[in-house]
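> Okay, structure incoming, though there's no sequence with it:
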C-alpha cells in the first residue's frame, strides 16, 4: 500500500458541502481517508474568482496512478464539473471557477510525467497553501 495525498478545492456553490461530498465519494472508491488537513479559505489561484476552500486528504492505495486519476475525474464530473483544461498560447494553464477540483499531489514513490498526469504534482511548491496542508497530513505518517 502506498500513501496517496490528494488536494481538494471548491470555490462555487456550497463549498464546504462540495468538499464533504468529494471526500465521501473518494472514501467509497479508496476506503476512508487516514488523515485530513484543516479546510482553509484561500484566494483563487491563477485567475479572478471567489475564494476557494482547500484541504489535503491522505489515503492508502494499491490502485494504479491512472486509475486514481480516473476516479478523481469521475467524481469531479459526477459533482457537476464540466470545464475541460484550457491553455494559453504560451502553454500556461487557464484556470476557472470549480465546483470541485481533486489533484493527486504525491503517491508513494511514484514519479511520472505524462500529458495526462504528473506525480508529484508540479505545483506543490508554487501554491503557498498546499505545502502547509500537506505537512499537516504527513506529520502522522
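Great, that's in hand. Owing to the predicted nature of the structure, the values given are computational and were not obtained by experimental measurement.
> Determine the set of other helices and strands touching the helix or strand harbouring residue 106.
Per DSSP states H and E: residue 106 is located in strand 101-107. Counting contacts by 3 or more CB pairs under 8 Å, 6 or more residues apart in numbering; DSSP states H and E, strand 101-107 packs against strand 2-10, helix 65-78, strand 118-119, helix 130-138. The C-beta positions use only the backbone N, C-alpha and C, and glycine is treated the same way.
> Which stretch among those approaches residue 57 most closely?
strand 2-10 (5.2 Å; CB to CB).
> For that closest one, which strands pair with it and how are they oriented?
strand 52-61 (antiparallel), strand 101-107 (antiparallel) (DSSP bridges).
> What about residue 118, how many residues nearby?
14 (other CB atoms under 10 Å).
> sorry, back to before: contacts for the strand holding residue 106 next, please.
2-10, 22, 26, 56, 61, 65, 68-69, 72, 75-76, 81, 117, 119-121, 124, 130, 134 (CB atoms under 8 Å, 6 or more residues apart in numbering).
> now do stretch 29-48
Against stretch 29-48 from outside (CB under 8 Å, 6+ apart): 4, 11, 16, 19, 23, 26-27, 50-61, 63, 68, 71, 75, 93-97, 127, 129, 133-134, 136-137, 140.
> 7 Å instead, please
Where contact means CB atoms under 7 Å, 6 or more residues apart in numbering, the residues beyond stretch 29-48 that reach it are 11, 19, 23, 26-27, 50-61, 71, 93, 95-96, 127, 129, 133, 136-137, 140.
> Report the contact partners of residue 54.
7, 8, 9, 40, 42, 129, 133.
> Separate out the buried members of these.
Buried residues within these, defined by neighbour count using 16 or more other CB atoms under 10 Å: 7, 8, 9, 42, 129, 133.
> Including pLDDT and distance to residue 87, could the residues you listed go into TSV?
What follows is these, written out as TSV (pLDDT from 0 to 100; distance: CB to CB, whole Å):
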residue	pLDDT	distance to residue 87
7	96	20
8	97	23
9	95	20
42	92	23
129	81	23
133	87	26
